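K.L.:
Build me a model:
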Amino acid sequence: MQLTPLRSMFLVTAIAAALPVACTAQPPANPIASPPASTPAPTLVSGLPDFTNLVQRVGPAVVNIRAEVTPRRNARSQMPDEEQIPEIFRRFFGDDMPFPGGPGGPGGPRGPRGGGGTSLGSGFLMSADGYVMTNHHVVEGADNVTVTLSDRREFTAKVVGSDEQSDVALLKIDGKGLPFLRMAPANSAKAGQWVIAIGSPFGLDHSVTAGIVSAVGRSNPYANQRYVPFIQTDVAINQGNSGGPLLNTSGEVVGINSQIFSNSGGYMGVSFAIPIDVAMSAAEQLRSTGKVSRGQLGVQVQQLTAELAKSAGLPDGNGALIAEVLPGSPAEKAGIERGDVIRSVDGRTINDSADLPPIIGSMAPGTKTKVTVFRDGRSVEKTVTVNELDDLAGGSAPRPASDSAPSRPSNGNALGVIGQDLSANDRQRMGLRTGEGVLIRNPGDSGAEAGLRPGDVVLQVGRTSVGSASALDRELASVKSGDTVMLLVRRQGSTQFIAVTAQDAQTG
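P.N.:
Numbering: from 1, shown residues only. As a prediction, the model looks like this:
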């Protein structure tokens, strides 16, 4: 009998609760927005890409890579402090990434410095018999590498070869009839094109992100990769995407995701990929010989500024200014000189100094190439036979005053630069030729403003070599206020031209 009152109360409550709803359901007298149309609104945005079919088709060829490093003794004592590691342009697996299980974090790898741990990266199958492409820094120093396919099959991979400068590694797993990706034609990536990345950011397998190519032919001044003309994109890339493919809308690989530009360690809208033609060249050489060979001219080049271009008499600012020609190099044998500006190689225009290394580096040693240089107001063509790239060390900075020979300061010149003779010991320490170079004691106002420092060594004024303080003064004697002069300067083993404009100031 008690059920009846409870039921009555429930009905009353339900009705009371419904009253406000019924009231609010009435149309307002003055609506703030028009009511929905009876027919659907027309689509204002159309033609946006749908990557569903592409991902379903090529996704199975993208793999996850796990690289295990065995701990070494005293590894932690060799690690730098976090503040010593630059944040800009860091590797995906940089030691300053404090993510659990990730590089630099608890249980994370320490890479070539000798620590232990496990790192995760991406890669892709490039043949049905199990060749896999990834980044060098993903597997660097690894003792065991495991490749996991999208169907969860795991394979122990052999590192066929790995190249630090191109950041390319070639792996091999035992398998047949495996899914694989097609490579896009060389130089097919263009600014503005849609591109897709598939990888394992933070271990999240087969994550897909998309964006456009922002630029091509980007140089990397923050790593030893001057032979890679990077593809820059705005595709979201993070830790774990390293080594994964960058794909065009046809599902072809245009690049290998390698780096990000970041102040925080995470994605900031600027990502970089290795062009697939560069990667394939490295992979083929790694498979054939176990190493990657590159061509070299034997020159050190620098960026042209407006002042340097004007001083050299160039019609524009395009080209690579030669600051040093190494003794015995192909360039020296071909007659290329310091102060020349390389304008083209085999008809390919050199717009920027960063354009030259990838072009020459891609040539096999022994290749003959036509190099057009600008010299003394005209173009000169030289035939150069490139040789194999090797590491050539520069000299070190001299001590300002040596006791092994008398030193004479200059008497002054229009730039206000005070020079001093170098001793034989100083020249030997710097790797200079006999009678070459003048030590700067005081750069003067004009020189200091242009970037000259005490301890720099002037090798040339324009195209004329100087070997004494008096010779420096003589070459600068005709300089007038407002004139710009190119000085070839050696500083701490590096040689570069510095454009100095004479000011209305007293000699230093």
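K.L.:
gap between the two ends of stretch 317-330?
P.N.:
Stretch 317-330 has an end-to-end distance of 25 Å (criterion: CA to CA, to the nearest Å).
K.L.:
typed the wrong thing, it's stretch 176-183
P.N.:
End-to-end distance for stretch 176-183: 19 Å, by CA to CA.
K.L.:
Can you list the buried residues in it?
P.N.:
178-181, 183 (16 or more other CB atoms under 10 Å). (C-beta placed from N, C-alpha, C; glycine too.)
K.L.:
Go through those residues and flag which are in helices.
P.N.:
Under the assignment DSSP state H, the buried residues of stretch 176-183 contribute nothing to helices.
K.L.:
JSON lines for these, including distance to Leu286 and pLDDT?
P.N.:
Formatted as JSON lines, the buried residues of stretch 176-183 follow (distance: CB to CB, whole Å; pLDDT from 0 to 100):
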{"residue": "Leu178", "distance to Leu286": "19", "pLDDT": "96"}
{"residue": "Pro179", "distance to Leu286": "22", "pLDDT": "96"}
{"residue": "Phe180", "distance to Leu286": "17", "pLDDT": "95"}
{"residue": "Leu181", "distance to Leu286": "18", "pLDDT": "96"}
{"residue": "Met183", "distance to Leu286": "16", "pLDDT": "95"}
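K.L.:
I'd like to know which of those are part of strands.
P.N.:
Among the buried residues of stretch 176-183, no residue falls in strands (DSSP state E).
K.L.:
Out of the residues you listed, flag the one nearest to Phe124.
P.N.:
Leu181 (5.3 Å; CB to CB).
K.L.:
The closest one contacts Ala61, correct?
P.N.:
Yes. Between Leu181 and Ala61 there is a contact at 4.7 Å, judged by CB atoms under 8 Å.
K.L.:
Which neighbours do those two have in common?
P.N.:
124-125 (CB atoms under 8 Å, 6 or more residues apart in numbering).
K.L.:
buried set for the strand or helix carrying Glu475?
P.N.:
Element membership of Glu475 [criterion: DSSP states H and E] is helix 469-476. Using 16+ other CB under 10 Å as the test for burial, helix 469-476 gives 469-473, 475-476.
K.L.:
Dump the residues you listed into a markdown table; add pLDDT as well.
P.N.:
Shown next, in a markdown table, are the buried residues of helix 469-476 (pLDDT from 0 to 100):
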| residue | pLDDT |
| --- | --- |
| Ala469 | 88 |
| Ser470 | 88 |
| Ala471 | 89 |
| Leu472 | 90 |
| Asp473 | 88 |
| Glu475 | 87 |
| Leu476 | 88 |
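K.L.:
If we only consider those residues, which is nearest to Thr369?
P.N.:
Glu475 (33.6 Å).
K.L.:
Please report the distance of that closest one from Val438.
P.N.:
Distance of Glu475 to Val438, computed by CB to CB, to the nearest Å: 10 Å.
K.L.:
can you list residues touching both of those two?
P.N.:
With CB under 8 Å, 6+ apart as the test, Glu475 and Val438 both reach Val466.
K.L.:
Arg343 against Asn351, yeah?
P.N.:
No. Under the criterion of CB under 8 Å, Arg343 makes no contact with Asn351, lying 9.5 Å away.
K.L.:
Greatest separation within the buried residues of stretch 176-183: which pair is it?
P.N.:
Pairwise distances across the buried residues of stretch 176-183 (CB to CB) peak at 15.9 Å, for the pair Leu178 and Met183.
K.L.:
Show me what counts as buried in stretch 242-262.
P.N.:
Buried residues in stretch 242-262, defined by neighbour count with 16+ other CB under 10 Å: 242-248, 251-262.
K.L.:
from the buried residues of helix 469-476, which single one is nearest Val299?
P.N.:
Of the buried residues of helix 469-476, the one sitting nearest to Val299 (CB to CB) turns out to be Glu475, at 23.3 Å.
K.L.:
if we can go back for a sec, by contact count, what packs against the helix holding Glu475?
P.N.:
strand 418-421, strand 438-442, strand 457-461 (3 or more CB pairs under 8 Å, 6 or more residues apart in numbering; DSSP states H and E).
K.L.:
and the last one with strand 438-442, angle?
P.N.:
Regarding strand 457-461 and strand 438-442, their directions subtend 110 degrees when assessed with axes from the mean of the first three to the mean of the last three CA atoms, to 10 degrees.
K.L.:
Strand 457-461 vs helix 469-476, what angle?
P.N.:
40 degrees.
K.L.:
Distance from the chain centre to the helix or strand following strand 457-461, please.
P.N.:
Counting by DSSP H and E, the next helix or strand C-terminal to strand 457-461 is strand 464-465. Its chain's C-alpha centre and that of strand 464-465 lie 35 Å apart, by CA atoms, centre = their mean, to the nearest Å.
K.L.:
Mind listing the strands strand 464-465 pairs with, and their directions?
P.N.:
strand 457-461 (antiparallel) (DSSP bridges).
K.L.:
Now do the partner strand, average pLDDT.
P.N.:
Mean pLDDT, strand 457-461: 91.
K.L.:
Check which residues of the longest strand along the chain are buried.
P.N.:
Ranked by number of residues, the top strand in the chain under DSSP E is strand 207-218. Across strand 207-218, burial judged by 16+ other CB under 10 Å covers 207-211, 213-214, 216-218.
K.L.:
just to revisit the earlier point, quick check: strands, which of the buried residues of stretch 242-262 are part of them?
P.N.:
245-247, 253-260.
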